Each structure stands twice: as C-alpha cells, then as structure tokens.
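K.L.:
what shape does this take:
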Amino acid sequence: MASESSSYTLYGTEFSLYTGKARAYLRYKGLPFRERLSTLRVYKRVIVPNTGVAFVPVVETPQGQFIQDTTEIIDYIESREPAPAVYPPTPRQRLTALLLELYADEWLLIPAMHYRWNFPRENEKFLMAEFGRVALPHAPAFIRRLVARRNAARFAAMLPSLGIQPETIPAIEQSYEALLDDLETHFSQHRYALGDRASLADFGLIAPFYAHLYRDPFPGALMRRRAPAVARWVERMFEYNPPHGQWMDNDAIPETLLPILRRQFTEHFPVLRDTVAAVASWVQAHPGQRLPRRIGDHRFVLNDTESERALMPYPQWMLQRPLDYYAELESTDRTSVDSLLRETGGIEAMSLRVPVRLRRENNRLWPEPSSSEGTLSDA
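P.N.:
Below you'll find the predicted structure:
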C-alpha cells in the first residue's frame with residue numbers, strides 16, 4: 001500500500017491509450033488512487049500549470065508532485081512502492097520487458113490509431129460520445145458534439161505522420177492480425193507476458209490493446225472473435241491488486257513470445273535506427289536546443305510496402321532504456337541474453353550506438369551535454 005495516508009490521483013480518460021497503461025499499473029500495485037477526468041477545465045487549471053504540457057496521463061503523488069509520462073510514472077512509483085515489483089530482476093526477462101514496452105508504446109500506436117480512425121461507420125458514434133463527454137461533460141449535447149468533432153479531427157489528422165496511408169493499410173492490418181494471432185497463442189498458455197505475474201511488458205502492451213484495440217467497437221469485436229484469450233488478458237490487466245504469481249523459472253522467455261520479438265526487430269528497429277540518425281543530425285544543426293515533437297520524415301517498409309512517415313525523437317529516449325541495460329550487462333549475463341537475441345534476430349539491433357543521447361527535463365526532450373562523444377554503429 002502507499003506509504004502516505006492520502007492517495008494518488010490519476011488524470012486521464014477511459015479512451016486514452018496511455019492512461020490505460022497507468023490505470024492498469026496502479027490497480028496491479030494495489031495502490032489507493034482516485035481518477036479525475038481530464039476535461040478542458042482540468043487541463044487548464046491542473047495539468048498544464050503543473051506539468052507545462054497538455055498531455056495525459058498525469059499522476060499526482062500523495063506529496064503533491066505531478067508526473068507526466070507513463071514510463072516515468074512507473075519508475076517513480078517503483079522506487080517508492082517496490083512490492084510487487086514489475087521489473088524482472090533477471091537479464092533475459094528484464095530486457096524482454098524493456099523491449100516490449102518500447103514496441104507497444106511506440107510501434108503499436110500504428111494499428112491502434114488505424115483501427116480507431118479508419119472505421120468510422122463502426123466507431124464514430126461511440127468516439128464522438130466519448131470525446132464530447134470528456135471535453136465538456138456538463139455542456140448541452142450539441143456543444144459536446146461540436147467540440148468532440150474538433151478534437152477528434154486533430155487526432156485523426158495524425159495518421160499520415162504515423163505512416164498510416166491508403167497504400168500501407170493492408171500491410172498494417174496484416175502485421176496486426178499476425179501479432180494478434182501470436183498473442184492469442186501466448187495468452188492461451190500464460191496469464192501474463194512472462195508467466196504468472198505481470199511485468200513492465202504487460203503494462204506496455206495494455207496501452208494500445210485496451211483503449212483502442214479492445215474498447216473501440218470495430219477492433220474490439222475483431223479481438224473478441226479472433227483472439228478471445230487476448231481479450232481475457234486485457235480484462236485481467238484491470239483487476240485490482242490481483243494474485244501475484246511468479247515469472248518463469250530460470251530467466252526463461254516463453255517460446256510463444258519469440259515470434260513477437262522477431263517482429264519487433266524486423267519492423268520497428270529499422271525505424272529506430274533512422275530516428276537515432278535523424279536526432280543526431282537535428283541536434284548538430286540546432287545545438288543546445290530543445291527538440292520538437294517532429295524532426296523530419298523518412299521512408300519505411302512494412303511487409304514489403306514502402307511509404308513515408310514522420311520521425312519523432314521520443315522513441316529514441318525510450319530506446320535508450322533497453323540499449324543501456326544491455327550495454328551494462330556482465331559477461332555471463334550478456335552471454336545468456338545474446339543467445340536470446342540470436343534466436344530472435346536482435347543482435348544487430350542491440351548493437352546500435354546512439355551518438356546524441358536524449359534526456360527528459362520538465363517533460364521536454366533535450367540533448368545530453370556529453371552525447372556528442374558517441375558514434376552510430378555500422379553493424
């Protein structure tokens with residue numbers, strides 16, 4: 001339980017991708033918390049004044065500190081509420097958890113956004129009601145609809161920047177359905193990603209798989225029909241303080257996760273490599289400046305379909321976490337992890353060097369002062 005008499009406060013919405021990640025985590029930890037809807041009024045009076053940005057989720061701690069970004073929320077609470085831990089202590093499982101959080105947070109945003117916004121006949125009525133209720137819950141219905149359409153249009157306009165184009169939609173759906181099938185196989189055999197206990201991998205995956213892919217009408221029906229075990233895992237992830245089993249013995253990684261890691265290394269890491277190079281070029285051209293949310297565009301390939309998408313620096317900050325963990329492994333642990341990476345095609349991916357490292361400061365991304373010393377591996 002929390003060490004303070006008061007509770008945490010989670011600011012967000014039911015339809016927010018990353019709020020679902022934070023909510024599932026707080027429930028799993030058994031921490032007392034209340035949830036406040038992030039209405040326009042809450043944004044103006046609470047979120048922006050205390051974080052400097054207009055993003056959710058935000059967690060207010062019992063001490064009155066405001067934390068934005070789910071990865072930082074989890075790390076902050078883990079340092080103060082260590083039981084039950086969500087970071088596995090063993091090298092193969094910990095690296096897998098870090099990788100799957102990166103994959104789910106950054107790459108699976110693509111199918112989440114596609115299935116939310118490209119099926120208006122099935123989803124629109126539901127989404128407009130959700131957006132309107134959150135923005136102005138006490139306004140007349142016609143005002144709520146007007147505001148909902150304006151806010152929804154802003155999110156839908158993000159699709160091209162994510163690489164969601166008419167020519168990529170078949171590839172996106174093929175990739176997602178294959179992932180869904182792999183996860184169905186996995187969750188038919190395991191309660192969570194790494195056994196009978198939730199880990200950071202599960203909290204990463206729940207972000208796209210709850211608010212968008214389970215809760216929205218069209219993808220939710222697809223999941224329940226094609227992958228009922230995945231739907232049951234989603235429901236399990238929101239149990240409050242559930243029984244805590246064990247991760248798999250001997251630092252084992254379930255065989256059923258290996259195809260998912262292979263897909264991550266094949267699909268996502270080429271984009272991450274381009275991101276790292278783009279960050280280095282941008283910082284060289286803008287020394288000492290805060291990075292914007294978008295730093296350029298590039299060509300990418302998904303299932304033999306090539307298209308264009310935006311390059312955003314935040315995924316590099318997330319990538320630094322598994323790369324740093326891997327780089328710091330002792331030789332015995334490195335040998336064990338390398339056997340997993342060879343099996344999943346990840347050796348080259350994890351050899352990536354980051355010439356310009358990023359840090360988060362006041363919820364913004366900045367280059368680290370000493371980062372110019374690194375080089376990008378040609379491996």
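
K.L.:
can I assume residue 165 sits in a helix?
P.N.:
No. Counting by DSSP: H, G, I helix; E, B strand; the rest coil, residue 165 is not found in a helix; it is coil.

K.L.:
any idea how many residues pack against residue 239?
P.N.:
A count of neighbours around residue 239, defined by other CB atoms under 10 Å, yields 12. Placement of C-beta: from N, CA and C, glycine included.

K.L.:
pretty sure residue 307 sits in a strand.
P.N.:
Yes. Applying three-state DSSP, one finds residue 307 inside a strand.

K.L.:
any idea how far it lies from residue 167?
P.N.:
6 Å (CB to CB, to the nearest Å).

K.L.:
neighbour count for the two, which is higher?
P.N.:
Each of residue 307 and residue 167 has its neighbours counted (other CB under 10 Å); residue 307 has more, 16 against 10.

K.L.:
residues in contact with that one?
P.N.:
Residues near residue 307 by CB atoms under 8 Å, 6 or more residues apart in numbering: 163, 165, 167-168, 299-300.

K.L.:
quick one: buried ones out of these?
P.N.:
Buried subset of the contacts of residue 307 (neighbour count, 16 or more other CB atoms under 10 Å): 163, 168, 300.

K.L.:
the nearest residue to the second one once chain neighbours are set aside pairs with what?
P.N.:
Using CB to CB, 6 or more residues apart in numbering and skipping residues adjacent in sequence, the residue nearest residue 168 is residue 307, 4.7 Å away. Beta-bridge pairing of residue 307 under DSSP bridges involves residue 300.

K.L.:
wait, residue 212 sits on residue 118?
P.N.:
No. Using CB atoms under 8 Å, residue 212 makes no contact with residue 118, being 11.7 Å away.

K.L.:
got a pLDDT number for the residue located most distally from the centre of the chain?
P.N.:
Distance from the C-alpha centroid of the chain, by CA atoms, centre = their mean, peaks at residue 140 (34.5 Å). Note for residue 140: predicted pLDDT of 73.

K.L.:
check residue 199 too.
P.N.:
98.

K.L.:
would you say residue 9 is within a strand?
P.N.:
Yes. Residue state for residue 9 (three-state DSSP) corresponds to a strand.

K.L.:
quick one: the strands in the stretch 51-200 of the chain?
P.N.:
Ranges of strands within the stretch 51-200 of the chain are 58-60, 66-68, based on DSSP state E, counting those that start in this stretch.

K.L.:
deepest of those, which one?
P.N.:
Mean neighbours per residue, mean count of other CB atoms under 10 Å, is largest over the strands of the stretch 51-200 of the chain for strand 58-60, with a mean of 24.

K.L.:
who are the packing partners of that strand?
P.N.:
The contact analysis (3 or more CB pairs under 8 Å, 6 or more residues apart in numbering; DSSP states H and E) places strand 58-60 against strand 8-12, helix 48-51, strand 66-68, helix 70-80.

K.L.:
got the ones you listed as CSV, with distance to residue 239 and mean pLDDT columns?
P.N.:
Conversion of the helices and strands packed on strand 58-60 to CSV gives the following (distance: least, CB to CB, whole Å; pLDDT from 0 to 100):
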stretch, distance to residue 239, mean pLDDT
strand 8-12, 17, 97
helix 48-51, 29, 96
strand 66-68, 24, 97
helix 70-80, 18, 97
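
K.L.:
any idea which of these is most buried?
P.N.:
Across these, averaging neighbours per residue (mean count of other CB under 10 Å) puts strand 8-12 on top, at a mean of 23.

K.L.:
which residues touch it?
P.N.:
Contacts of strand 8-12 (CB under 8 Å, 6+ apart): 2, 18-19, 22-23, 26, 31-38, 42, 46-47, 56-62, 77.

K.L.:
pull the contacting residues for residue 108.
P.N.:
Taking CB under 8 Å, 6+ apart, we find residue 108 in contact with 179, 205, 207-209.

K.L.:
what's the closest of the residues you listed to residue 287?
P.N.:
Distance to residue 287 across the contacts of residue 108 (CB to CB) is lowest for residue 207, with 33.7 Å.

K.L.:
ok but the closest one is inside a helix, no?
P.N.:
Yes. With three-state DSSP as the criterion, residue 207 is part of a helix.
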